[in-house]
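>>> Generate a structure from the sequence data that follows.
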Amino acid sequence: MSASYLFQAVKLDKITSSEKLVLICLANRSDKNGQCYPSIKTIAKDCCCSDRTVSRSLGGLIRKNMLESKPKYKKVGNGFKQGSNLYTLKIGVTEWHDPHDKVAYKTIKNKLIPRQFVTHSSLASLQG
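Numbering: from 1, shown residues only. From the prediction side, this is the model:
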């Protein structure tokens with residue numbers, strides 16, 4: 001799981017609730033590069049929705065340029081069969097930090113906050 005992508009997915013707006021749920025599910029399964037390859041059935045099970053809802057949501061996220069999908073193939077006999085797709089999240093996380101890396105975090109009022117999420121407004125609310 002990449003916490004950076006998960007935080008970004010939760011903060012997004014201007015997407016449907018099902019798109020957000022699917023994006024959060026993918027972010028939860030993604031590696032530090034924002035990549036994962038769950039099947040549509042797996043995503044549907046995680047999101048408690050239908051395969052069709054997942055397919056529509058994936059299509060919407062791809063059209064909105066928040067997600068990239070590439071087919072993965074596996075060798076079967078003398079040919080190849082398409083397996084699950086490789087999904088790459090494209091939701092604004094440009095840098096990933098290990099949560100145990102103290103250099104990547106800033107301490108404000110005894111709270112450990114990832115540096116990439118520290119904004120002027122969050123500083124004011126924590127310091128105020």
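
>>> looking at this structure, which helix or strand does the model trust least?
When the helices and strands of the chain are scored by mean pLDDT, DSSP states H and E, strand 105-108 comes last with a mean of 46.

>>> Contacts for the helix or strand where Lys45 lies, please.
Assigning secondary structure by DSSP states H and E places Lys45 in helix 40-47. The contact list for helix 40-47 (C-beta atoms under 8 Å, 6 or more residues apart in numbering) reads 18, 21-22, 25-26, 28, 38, 50-51, 53-55, 58, 84. Heads up, the C-betas are built off the backbone N, CA and C, glycines and all.

>>> which helices and strands does the next helix or strand after it pack with?
Where DSSP H and E defines the elements, the next helix or strand beyond helix 40-47 is helix 51-63. With contacts taken as 3 or more C-beta pairs under 8 Å, 6 or more residues apart in numbering; DSSP states H and E, helix 51-63 sits against helix 17-29, helix 40-47, strand 67-76.

>>> again, only using 10 Å
Judged by 3 or more C-beta pairs under 10 Å, 6 or more residues apart in numbering; DSSP states H and E, the packing partners of helix 51-63 are helix 17-29, helix 40-47, strand 67-76, strand 79-89.

>>> Now mean pLDDT, mean neighbour count and distance to Ser2 too, for the ones you listed, in CSV please.
Formatted as CSV, the entries for the helices and strands packed on helix 51-63 read as follows, by pLDDT from 0 to 100; neighbours: other C-beta atoms under 10 Å; distance: least, C-beta to C-beta, whole Å:
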stretch, mean pLDDT, mean neighbour count, distance to Ser2
helix 17-29, 95, 20, 7
helix 40-47, 96, 17, 16
strand 67-76, 89, 12, 14
strand 79-89, 90, 15, 8
